[in-house]
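Engineer: fold the following for me, if possible:
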Amino acid sequence: TTQFPMWRRAMLDYEVHHTGWTKWLKKHGPTTKRVEREFRERGPLGNADFVDERPGKRMAGWWAWKPEAHAMDYLWKKGVLGVHSRVHFQRRLDLIERLLPAALALEPLSREAFRHWHVRRSLHAMGAASATDLRMYLSYPRAAVAERRATLEAMRSSGEVVEVAVEGERAPWLALAGDLPVLEAAAARIEQTRDLP
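Structural biologist: So this is what the prediction gives:
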């Protein structure tokens, strides 16, 4: 739950930034409401708890999911549902208000603070990255290019993010200033191994 307030911002903004659901929701809005109601009435559920009533044989794959599975995925990404448990690798979900009531009371980050946290978390995970690597790593939630660029520039201006030279790369790479000691120590270890016979 320590990162929930951060990710809550992505959940709250999910519908705004992922308009690919618009057409599906128009067609399956009643299904989505029914699935949410089932969770309210029955508690934790998994995909297998919803019978696929579509006639005929279907192809495998994400778009071949039954409507209830899509509804569960949508409600999970919006933060209505959360992971309750797993049974044989199958997720069982429940209402987030039952799973994390105290965390729901916490104030979610602002959009700007979330973008800053997300870039910081991503750069720390990668150690150092080119601008392209960072853009590809920040795939969820996908931020507008101008927003991501403005966040990165603000972090560079404050000195929190710095450019680093990477051997064999012409374009500058980026790293968190706070991670430089660890990166320099790793580079020194690599140099030592090169000198070994």
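
Engineer: what is the lengthiest helix in the chain packed up against?
Structural biologist: Longest among the helix segments of the chain by residue count, using DSSP state H, is helix 21-42. With contacts defined as 3 or more Cβ pairs under 8 Å, 6 or more residues apart in numbering; DSSP states H and E, the packing partners of helix 21-42 are helix 67-77, strand 90-95. Any C-beta I mention is one placed from the backbone N, CA and C, and that applies to glycine too.

Engineer: so how far is residue 10 from the residue nearest in space to the middle of the chain?
Structural biologist: The residue lying closest to the centre of the chain (Cα atoms, centre = their mean) is residue 140, at 4.3 Å. Applying Cβ to Cβ, to the nearest Å, the value for residue 140 to residue 10 is 8 Å.

Engineer: give me the neighbour count for residue 25.
Structural biologist: Neighbourhood size, residue 25 [other Cβ atoms under 10 Å]: 16.

Engineer: and for residue 163?
Structural biologist: Counted with other Cβ under 10 Å, the neighbours of residue 163 add up to 11.

Engineer: ok, residue 106 touching residue 4?
Structural biologist: Yes - judged on Cβ atoms under 8 Å, residue 106 makes contact with residue 4 at a distance of 7.2 Å.

Engineer: these two: which has the busier surroundings?
Structural biologist: The neighbour comparison of residue 106 against residue 4 (other Cβ under 10 Å) goes to residue 4, with 18 against 12.

Engineer: and for residue 25, nearest residue in space, chain neighbours not counted?
Structural biologist: Using Cβ to Cβ, 6 or more residues apart in numbering and skipping the chain neighbours, the partner closest in space to residue 25 is residue 32 (6.6 Å).

Engineer: typo on my end, residue 28
Structural biologist: residue 67 (4.9 Å).

Engineer: which stretches of this structure form helices?
Structural biologist: 4-17, 21-42, 67-77, 96-99, 101-104, 111-126, 131-137, 145-157, 180-194.

Engineer: tabulate these (a markdown table), appending mean pLDDT and distance to residue 163.
Structural biologist: Formatted as a markdown table, the helices of the chain follow (pLDDT from 0 to 100; distance: least, Cβ to Cβ, whole Å):
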| stretch | mean pLDDT | distance to residue 163 |
| --- | --- | --- |
| helix 4-17 | 80 | 26 |
| helix 21-42 | 90 | 38 |
| helix 67-77 | 91 | 34 |
| helix 96-99 | 94 | 40 |
| helix 101-104 | 86 | 37 |
| helix 111-126 | 92 | 12 |
| helix 131-137 | 86 | 10 |
| helix 145-157 | 92 | 8 |
| helix 180-194 | 85 | 11 |
